[in-house]
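>>> pasting the sequence and the predicted coordinates here, then a few questions.
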Amino acid sequence: MKKLLKEFKISIVAIILVTIVFWVYLYCKYDEKLLLGIIGVIATLYFGITKTQIEKNRFFQKLFNDFNLNILRQTTSFTMVRA
């Protein structure tokens, strides 16, 4: 459950914020432009944070793959010298 919450934390927070903003809009009768602006800000922050996480994950995946390839090369050369 903790892993699931950690993985979808940003999505859950964004959904909760949009829901709160929508309920406040319904009860307080604010201008529609304000509602759309706030939802736009939430969506922008959501996609920005998500994009940053995706880029970070890609960087670490590339780093991990390069590291594994380097270790494989060293292991292969070591077994060739040993044989």
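Perfect, I can see it now. Numbering: from 1, shown residues only.

>>> contacts and neighbour counts: CA atoms only from here.
Fine.

>>> residue ranges with poor pLDDT in the protein?
Counting by pLDDT under 70, the chain shows low-confidence ranges at 1-6, 78-83.

>>> go again using 90 as the cut-off
For the chain, the stretches flagged by pLDDT under 90 are 1-46, 48-50, 52-53, 70-83.

>>> what about the helices in it?
Taking DSSP state H, the helices of the chain run over residues 2-7, 9-28, 32-82.

>>> just give me the neighbour total for residue 46.
The number of residues packed near residue 46 is 16, by other Cα atoms under 10 Å.

>>> so what's the closest residue to residue 21 other than its chain neighbours up against?
The shortest distance from residue 21 to any non-neighbouring residue, by Cα to Cα, 6 or more residues apart in numbering, is to residue 35 (7.2 Å). Residues near residue 35 by Cα atoms under 8 Å, 6 or more residues apart in numbering: 21-22, 25.

>>> what comes up buried for stretch 21-30?
By neighbour count with 16 or more other Cα atoms under 10 Å, stretch 21-30 contains the buried residues 21-22.

>>> how far away from the center of its chain is that stretch?
Relative to the centre of its chain, stretch 21-30 is centred 29 Å away, using Cα atoms, centre = their mean, to the nearest Å.

>>> for that stretch, C-alpha coordinates in CSV please.
Written as CSV, here are the backbone C-alpha positions of stretch 21-30 (Å, rounded to 0.1, in the frame of the first residue of the first chain):
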residue,chain,number,x,y,z
VAL,A,21,-11.3,23.7,-6.0
PHE,A,22,-14.4,22.5,-7.7
TRP,A,23,-16.4,22.2,-4.5
VAL,A,24,-15.3,25.6,-3.4
TYR,A,25,-16.4,27.0,-6.8
LEU,A,26,-19.8,25.3,-6.4
TYR,A,27,-20.4,26.6,-2.9
CYS,A,28,-18.9,30.1,-3.2
LYS,A,29,-20.1,30.9,-6.7
TYR,A,30,-16.7,32.3,-7.9
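
>>> cool, thanks, talk later.
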